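Asker: Structure, please.
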Amino acid sequence: AAKNLCITQPSLSHAIAQLESELGVPLFEKDGRNITLTRFGEQFLGYAQKALSDIDEGLLAIKKSASGEGLIRLGFILPLGVKFIPEMASVYLEENAGKDIKFSFGNGITETLIKGLMTKKYDLVFCSKPADELGLTSIPIIKENLVLIVSPKHPLASRYTVTLRETLDYPYVYFTKGSGMRALTDSIFESIGASPKVAYEVEEDRIVAGLVAKNFGIAIVSYSELIIRLNVKIIPIVDIESERKIYMVNDSRIYMPPVVKSFYDFVAEKSEKFWPTLIQ
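Answerer: This is a model prediction of the structure:
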């Protein structure tokens with residue numbers, strides 16, 4: 001046994017004695033000229049074999065991760081979950097067929113997603129740009145046009161374009177604080193030195209659009225698959241910087257597994273080509 005373990009016989013005997021002393025029972029006993037396990041040794045053998053099996057599984061899992069396999073944990077704002085994230089993940093899996101790659105998905109507002117990234121809940125998040133002082137790495141992957149949406153019954157519904165000032169007399173369905181859209185719309189109104197009449201504050205794009213569809217107010221949103229499906233009138237705003245950027249964000253201070261890095265590079269390369277096709 002000592003030879004198989006590449007150690008000296010006294011070293012092995014000492015290790016056995018230490019283990020038996022720690023456990024408080026003998027693990028081995030003499031049977032004539034042979035050495036056999038006691039009933040405690042038989043019992044402990046099962047645990048030892050299971051532990052070694054777990055270690056082997058762990059080694060295999062880590063080797064798979066090192067070779068570009070494993071789990072990719074994504075967080076994203078809700079509108080991206082309709083087409084963009086499913087499409088990107090699906091195409092990535094097709095291009096890496098034969099590899100053991102899995103995704104986990106979570107959604108929320110920008111503030112929640114950034115917190116999830118910083119607590120290591122996510123590997124990558126797709127949202128508005130985080131504050132510079134957080135020290136996160138972000139690259140723009142999507143550019144969305146900003147538009148005004150109103151109910152078909154609203155006085156502005158007959159308009160083909162509108163200025164931001166022309167909307168100030170009407171109540172708004174506004175995004176809650178912590179949302180990337182909230183910060184963006186606040187800055188848009190600040191740029192013209194005005195404030196909107198906020199009737200309701202909600203967190204998610206689909207709820208904003210749903211309330212607008214029922215004439216609870218008007219809203220500034222990103223032009224997306226989500227609003228196209230709802231019964232709202234979409235009107236371009238002509239006097240503002242009508243673009244919103246969505247970023248892929250990671251924490252470069254934390255090690256990025258090879259499979260995550262591979263998907264990161266894939267999105268960085270492909271997103272600009274995918275997004276226009278998807279939104280059409």
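Asker: For the closest residue to residue 231 other than its chain neighbours, grab the count of nearby residues.
Answerer: Closest residue to residue 231 apart from its sequence neighbours, by Cβ to Cβ, 6 or more residues apart in numbering: residue 213 at 4.9 Å. Every C-beta, even on glycine, is put in place using the N, C-alpha and C of the backbone. Around residue 213 there are 18 other residues, counting by other Cβ atoms under 10 Å.
Asker: Then residue 82?
Answerer: 17.
Asker: just the one 4 residues further on next, same as before
Answerer: Counted with other Cβ under 10 Å, the burial measure for residue 86 works out to 14 neighbours.
Asker: what separates it from residue 180, distance-wise?
Answerer: Remark: distance between residue 86 and residue 180 (Cβ to Cβ, to the nearest Å) = 21 Å.
Asker: which other residues reach the helix or strand harbouring residue 111?
Answerer: Residue 111 is part of helix 110-118 when elements are defined by DSSP states H and E. With contact meaning Cβ atoms under 8 Å, 6 or more residues apart in numbering, helix 110-118 is reached by 75-77, 106-108, 122, 124-128, 130, 134, 136, 178-180, 249-251.
Asker: swap in stretch 190-206?
Answerer: 77-79, 109, 164-165, 167-176, 178-179, 181, 185, 189, 208, 211, 216-217, 221-222, 224, 226-227, 239-241.
Asker: same thing but 6 Å
Answerer: Applying Cβ atoms under 6 Å, 6 or more residues apart in numbering, the contact partners of stretch 190-206 are 78-79, 109, 164, 168, 171-174, 176, 189, 208, 217, 226.
Asker: Looking at that stretch now, give me its mean pLDDT.
Answerer: What stretch 190-206 shows for mean pLDDT is 91.
Asker: Which of the contacts of stretch 190-206 ranks first by neighbour count?
Answerer: For the contacts of stretch 190-206, neighbours tallied by other Cβ under 10 Å; top is residue 208, 28 neighbours.
Asker: Please report how far it lies from residue 115.
Answerer: Distance, residue 208 to residue 115, by Cβ to Cβ: 22 Å.
Asker: Please compute how far the host helix or strand of residue 49 lies from its chain's middle.
Answerer: Using DSSP H and E, residue 49 sits within helix 39-66. Distance of helix 39-66 from the chain centroid (Cα atoms, centre = their mean, to the nearest Å) equals 32 Å.
Asker: helices or strands next to that helix in the packing?
Answerer: Helices and strands touching helix 39-66, by 3 or more Cβ pairs under 6 Å, 6 or more residues apart in numbering; DSSP states H and E: there are none.
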